[in-house]
Structure formats: structure tokens, C-alpha cells
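J.: Return a 3D structure for these sequence lines:
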Amino acid sequence: MYKQLLPTLILVFQLSAASAAGDPIAGKAAFAKCASCHQVGPSARGGFGPQLNGIIGRPAASTKDYKYSQAMQSSGIVWSEQKLRAFLKAPGDVVPGTKMRFFGIGSDTQIDNLLAYLRTSSAVSNGAPASSPR
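T.: This next block holds a predicted model:
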């Protein structure tokens, strides 16, 4: 029985690792579409949308330099990669009433790449917590 289970577990692990990896260089290129509203990096600030430094692990509506919608403020979300993936696919389904005017990304590969790029900004804080203990 264990001999049959092991190959399945290895396959699941490989698929999960490949999915979680993404390409940060391709993600940076894809982020160009996001950059009209969002910023990342040491000088990132809120504008039409919040800055996204350290977004993974951060509570929603937690940066001080952006006025969030009431829907986002009361969402109770902590931005895990799984939650970001769902939000990037369909923002209004995850947070009904969000101010984000974006229809979503249909490509899982593009989302993987964006998440890989956003992971590179997790060490930059400029006032935004990289993660929040709960």
C-alpha cells in the first residue's frame, strides 16, 4: 500500500511546488499592468491603490497611506497566497464592494508569476508590516 501511495504523494508535492514557484521576472513584467494603481519597492506609496510591499501575510486594509473601502476594512482577510490568488482571479467575488476596478486575471501562470514577484517585495516594509501576528 505504501509503495502505491508514495508516487502519488511525490506527484502532488511536485505539482504544489511548481504552482507555488512562479517566475518573478515574468511577474515583474506582468505587474506593469498593476503599476498604474499599485507600487512596490522602497519608495512605494499608496495612490489609486495601496502599495503592495509585504502583502503576503499582511491583514487587508492595514497600510496607513491608502483609504480603503468599508468592504475591504471589514473583510477580516489576511493575504495568504491562496487568498491573493482568488482575489486576483475575481476581486469582487472575494471582497464584494471592493474599490478595485479590475475584472481579474484568468491565467494561473500569470498569477503564479505575480505572486513570485510580490514575494520579492516581502522584505521591504516602509511602514507596512511584512506579516502580522494573530
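
J.: ok, now which ones touch the most centrally placed residue in the chain?
T.: Per C-alpha atoms, centre = their mean, the C-alpha nearest to the average position across the chain is that of residue 84, at 4.0 Å. With contact set as C-beta atoms under 8 Å, 6 or more residues apart in numbering, residue 84 has these partners: 55-56, 115, 118. In this view, the C-beta of every residue, glycine as well, is placed from N, C-alpha and C.

J.: do that again at 10 Å, thanks
T.: With C-beta atoms under 10 Å, 6 or more residues apart in numbering as the criterion, the residues that contact residue 84 are 52, 55-56, 77, 94, 111, 114-115, 118.

J.: Residue 93: how many residues sit nearby?
T.: When neighbours are counted by other C-beta atoms under 10 Å, residue 93 registers 11.

J.: Isn't it up against residue 100?
T.: No - counting by C-beta atoms under 10 Å, residue 93 stays clear of residue 100, with 11.8 Å between them.

J.: who touches both of the two?
T.: Here residue 93 and residue 100 share the contacting residues residue 87, scored by C-beta under 10 Å, 6+ apart.

J.: Could you check which helix or strand contains the residue nearest to the centre of the chain?
T.: Taking DSSP states H and E as the definition, one finds residue 84 inside helix 81-89.

J.: how far is that helix from where the chain is centred?
T.: Computed by C-alpha atoms, centre = their mean, to the nearest Å, the separation of helix 81-89 from the middle of its chain amounts to 6 Å.

J.: for the record, mean pLDDT for that helix?
T.: Along helix 81-89, the predicted confidence averages to a pLDDT of 97.
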